[in-house]
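Asks: Here is a sequence together with a model predicted from it:
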Amino acid sequence: MRQLLSYLRRRFLPEQDWRDEMEANLELRKEWQRGQGMTGEAAEAQVRKSFGNQTRALEEVRDVYWAHYIDDLVRDLRLALRECWRHPSLFFSAVGSMTLGIAAATAIFSLVDPLLFRPLPYPSGDRLVSLGLIAPIDKSEFILGSQYLDWRDGQTAFSSITAMRPAVECDVTLNRTARIPCVSVEWNFLKTLGVNPSLGRDFLKSEDVPNAPLAAIVSHTFAAVYGGQTAVGSTFKIDGRDARIIGVLPPTFVMPQLGESQVLLPAQLDEGRMRAPENTTFLRAFARLKPDVSLNEARERMAPLVQKALISVPPSLRKEAKFVLRSLRDRQIEEAKAASWLLFLAVLFLLAMSSVNIVNLLLARAEARRQEIGMRRVLGASPWRLLREAVTESLVYGLAGTIFGTVAAVLLIRGISRAAAGGFLRLDMARVDGRVLVFAVGIALLCSLVIGCVPVLHTLGPELLRGEGTRATARRSRLRRVLLSLQIAFSLLLLSGSLLFMRSLLKLESSSPGFVPENLIAVTVNTTRVRYPQSAQLAAFQNEFERRMSTMPGVRSFAVSDSLPPSGGMHGRPLGNMLVDGGSEPLQNGGMVAFRYVTPSYFETMKIPLLSGATFNEADRTRKGASLILSASLARRIFGRANPLGRRIALGGPGSDWNTVIGVVGDAKNDGLAHGGDPEYYRPRLRASSSDHRIIAIFRTTVTAAAVERWARQQMAAIDSSVPVEVTAMPQRLRSLNDRPRFLAVIMSTLAVAAVALAAVGLYGVASFIAASRKREFGVRAALGATRRDLTILVGQDVLVWVAVGAVAGLGAELLAQRYIRSLLFGISASDGASLASAVIVLLLTAVIACFRPALRASKVDPALTLRSE
Amino acid sequence: MGRRTDTLAGTLELLILKALARSPNHGFGIALHIDNASEGLLTIEEGSLYPALHRMEREKLIRGSWSVTDNGRRAKVYALTATGRRRLDEIEAHWLNTAKGVSKVLRFA
């Protein structure tokens, strides 16, 4: 042990060793002098004289060790720079390729890093999980109140488990009234996440019991708007109740489900009421795994509790319910995970391709320098030495590539965030910071090493040592052809992928939402519960709103609804709850049914076709629970081919009011554009009462959105100026729904174009190389009567065989990758023949064009000249 | 590491190798041995000895290791390696030839 320590010290702290050595020798000399009878000052002087200047000696020793490193480095650098100077085209191509690869990789990495790699903003965030059941009623896992209580009290897998109610909008009155997203959480919510309030304190258990005075922890921005430092301790009204601010969240706080939240309140779960059978408290649960428990183990330990929970699920939903326990990261990025990995892998492929291109260039030069290298080898240059020179040179490319690439990445990211803010989950988090820089430098180093080493190791084959100059080219040129195949495979993968996404996007954009979005403008108004606490008051406000909106000039058709297709904010209920008159049982396994309250002109305004029966009339708006209009898919689901008109349905199951089907309309998308959506029914919007605080006026008009907005604000100011007005043009709204698929398609296509360009450059290089290295053979062939056409074909064949190998490999990889990209595609199969075929055709054409010139040049060989040079 | 010391360094290397060929020794011992053997004609500043020793160690002509001397002191003791022994033979022969040649030239005049 002691030996090891002293070895390490000598290895890494040699100075001390040198000093020790000199001291030891000085002591030896003194002792010797004492033996000679020399003492006192004379002896000291003698010691100094015979030793000389100790500091200088130390410096010279240091030089022995360091000077040579520095000398070598300077020399290698000088050689590398001279190399760059002598071959500027090589230098620029190499740096250009490197810059392209690093810029793309760095930019994409900064996009996906916050999603895939960066630690979650909670201590030991990888131990956090989200758990619950998945059923058609909601896309993310949830848990009902009584089940949660069982889980919380019976679980053994977690050190802490907590729950929140879904985020809602609350009416908050501090200085003014506003609607603000707020969340009710259990008292240990922040403790489970491992987050402390940056000001004030966390919830107490005593604040999380029913009817306790409301305590609130508010977001950093909320505190900043409402008093900053002094916010803690002040009180405000939330949905009419008094709440006191006890804490402020850190500015970096992120909700575990990534939702927005300005105010956290204690959930104050009433356990007694939650255990009642009809209770449907809807919760989201999060937990922290015990240190020694894995995800799988946690799933196993939860299994008995899950069984019990599933038994309590209504039979109509049980078959469709499934237990989910997954890492918080997976919960957060959901469907963005596949896209993130896809982009990341794609860009790594591109980086690999650009490196391969440089290797190709350097191999060509190494070929030209074989004589020189062989000579130097014979004269005693060590392989290590040659390798070091080559790596120094590639590091110069790498350094330049990193600098230009990082700058380009910063610009790219800035451009992307500005041009496509909605295109990618958490795009606002993407920036080139320390982590991203480390990544950029890391990949640059890795590429430089590979680029530097491969050509040298390849050229330093054993035949060089034996002095076989030109015979061993077969092995060497095979590497270049294999690299070419690799490039083709990568670019085919990227190209076919991008074609798939492009075609998917086109299908998406041309798919009909079930209504005609052109010339549709919506005015949405959200009222607060504080201002309109009574249903009658709200109805009066909404009737007045409707009356005024209906007077808008220049409108062809006008309707009012409480939600807008194709997504968001509709009501829904399980199909299993509904009962058909004459049908003996509730409907089974139906998933969810969406519904809206609309005015009679809704279908005409939206241009949703009436397929049979009639639409509502004004009389329907005064009778509660009378008329019902079904979407085609719902009618088919319930009644099959039978005629639904006149049939009666109890929407809330046995005991609820009967509604009569008076009409069937076409399906309109209600779950985004990419999904089929749920079957849907419509009910007439009643005049007398309303419970929905949102009301939407829909206009079919050629008036511009800006003009509508001006007019609507004027009108609203006359009714209630405190209510915010939001104006949406439907075509823009639909467009923004496709932001993510469009982003993916555009980025993938950009990468694919770059890949094909790189492959073309690679192809050109290899074809030229083949033409040059087979010059003698061609000369002989030409002399023996081969025509120029024959020779061109020979070169073409040589290249195209390897292109074909690459294409087959690429197609294979593509088929393997299908499984992962399927979820990202719309209306198109991942093995879509047209996309794959066009990718192959584009690449083959590229190959033919890239080979054309070199092949032509090879065919112009003059047999006399070639043969003479032998 | 000036150019000035090149010839001297060559000579110094020879002297060190020769001193160590007798037996492994530490820096002071080498200096003392050269002093004694040359009967005081060649005195080597110990300070200039160390850079040479370290350079030679780097070139694997000699190998140094810490050990305890006869009188119980710690010192770094150097010994010749096989490479060092070969190098000694080479430059000793070269030096003798040169010296012989030079003295012949001197005598001829």
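Replies: Received it, and whenever you're ready, just let me know what you need.

Asks: Residue of chain B closest to chain A, please.
Replies: Taking C-beta to the nearest C-beta, chain A has its nearest neighbour within chain B at residue B:47, 3.1 Å off. Just so you know, the C-beta spots here come from the backbone N, C-alpha and C atoms, and that holds for glycine as well.

Asks: how many other residues sit next to that residue?
Replies: Close neighbours of residue B:47, defined as other C-beta atoms under 10 Å in any protein chain shown, add up to 20.

Asks: give me every residue that touches it.
Replies: Residues counted as contacts of residue B:47 (C-beta atoms under 8 Å, 6 or more residues apart in numbering or on different chains) are A:51-54, A:56-57.

Asks: buried sites along the helix or strand where it lies?
Replies: Assigned by DSSP states H and E, residue B:47 falls within helix B:46-58. Neighbour counts over helix B:46-58 (16 or more other C-beta atoms under 10 Å in any protein chain shown) mark B:46-57 as buried.

Asks: ok, how many other residues are close to the closest residue to residue A:740 other than its chain neighbours?
Replies: Distance criterion C-beta to C-beta, 6 or more residues apart in numbering or on different chains; nearest residue to residue A:740, sequence neighbours excluded, is residue A:423 at 5.9 Å. Using other C-beta under 10 Å, residue A:423 has 21 neighbouring residues.

Asks: for residue A:791, same thing?
Replies: Neighbours of residue A:791 (other C-beta under 10 Å): 23.

Asks: Give me the below-cutoff pLDDT ranges for chain B.
Replies: By pLDDT under 70, the weakly predicted segments of chain B are B:1-10, B:109.

Asks: Which positions in it make contact with chain A?
Replies: Residues of chain B lying near chain A by C-beta under 8 Å from any C-beta of the partner chain: B:1, B:26-29, B:31-32, B:43, B:45-48, B:50-51, B:54-55, B:58, B:66, B:69, B:71, B:73-76.

Asks: rerun that using 10 Å as the cut-off
Replies: Residues of chain B lying near chain A by C-beta under 10 Å from any C-beta of the partner chain: B:1-2, B:5, B:26-32, B:35, B:43-59, B:64, B:66, B:69, B:71, B:73-76.

Asks: Next up, the contacts around the residue of the stretch 151-300 of chain A found nearest chain B.
Replies: When distances are taken as C-beta to the nearest C-beta, the stretch 151-300 of chain A reaches nearest to chain B at residue A:291, 46.8 Å away. Applying C-beta atoms under 10 Å, 6 or more residues apart in numbering or on different chains, we find residue A:291 in contact with A:124, A:127, A:159.

Asks: where do the strands sit along the stretch 101-250 of chain A?
Replies: In the stretch 101-250 of chain A, the strands defined using DSSP state E, counting those that start in this stretch lie at A:128-135, A:138-144, A:158-164, A:168-173, A:177-185, A:199-200, A:214-218, A:235-238, A:241-248.

Asks: Next up, the contacts around residue A:706.
Replies: Taking C-beta under 10 Å, 6+ apart, we find residue A:706 in contact with A:727, A:729.

Asks: host element of it?
Replies: Element membership for residue A:706 (DSSP H and E) is helix A:705-719.

Asks: Same question for residue A:558.
Replies: Going by DSSP H and E, residue A:558 is part of strand A:555-561.

Asks: Could you list the buried residues of the longest helix seen in chain B?
Replies: In chain B, with assignment by DSSP state H, the single longest helix is helix B:82-108. Neighbour counts over helix B:82-108 (16+ other C-beta under 10 Å) mark B:84, B:87-88, B:91 as buried.

Asks: Output stretch A:364-377 as PDB, restricted to C-alpha atoms.
Replies: Taking Å, rounded to 0.1, in the frame of the first residue of the first chain, the C-alpha atoms of stretch A:364-377 are listed here in PDB:
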ATOM      1  CA  ALA A 364      -7.400   9.000 -50.500                       C
ATOM      2  CA  ARG A 365      -4.600  11.200 -49.400                       C
ATOM      3  CA  ALA A 366      -2.900   8.400 -47.400                       C
ATOM      4  CA  GLU A 367      -3.000   6.500 -50.600                       C
ATOM      5  CA  ALA A 368      -1.100   9.200 -52.400                       C
ATOM      6  CA  ARG A 369       1.400   9.400 -49.600                       C
ATOM      7  CA  ARG A 370       2.100   5.700 -49.300                       C
ATOM      8  CA  GLN A 371       5.600   6.100 -50.700                       C
ATOM      9  CA  GLU A 372       6.400   8.900 -48.300                       C
ATOM     10  CA  ILE A 373       5.000   7.000 -45.300                       C
ATOM     11  CA  GLY A 374       6.700   3.800 -46.300                       C
ATOM     12  CA  MET A 375      10.000   5.700 -46.500                       C
ATOM     13  CA  ARG A 376       9.600   7.300 -43.200                       C
ATOM     14  CA  ARG A 377       8.700   4.000 -41.700                       C
END
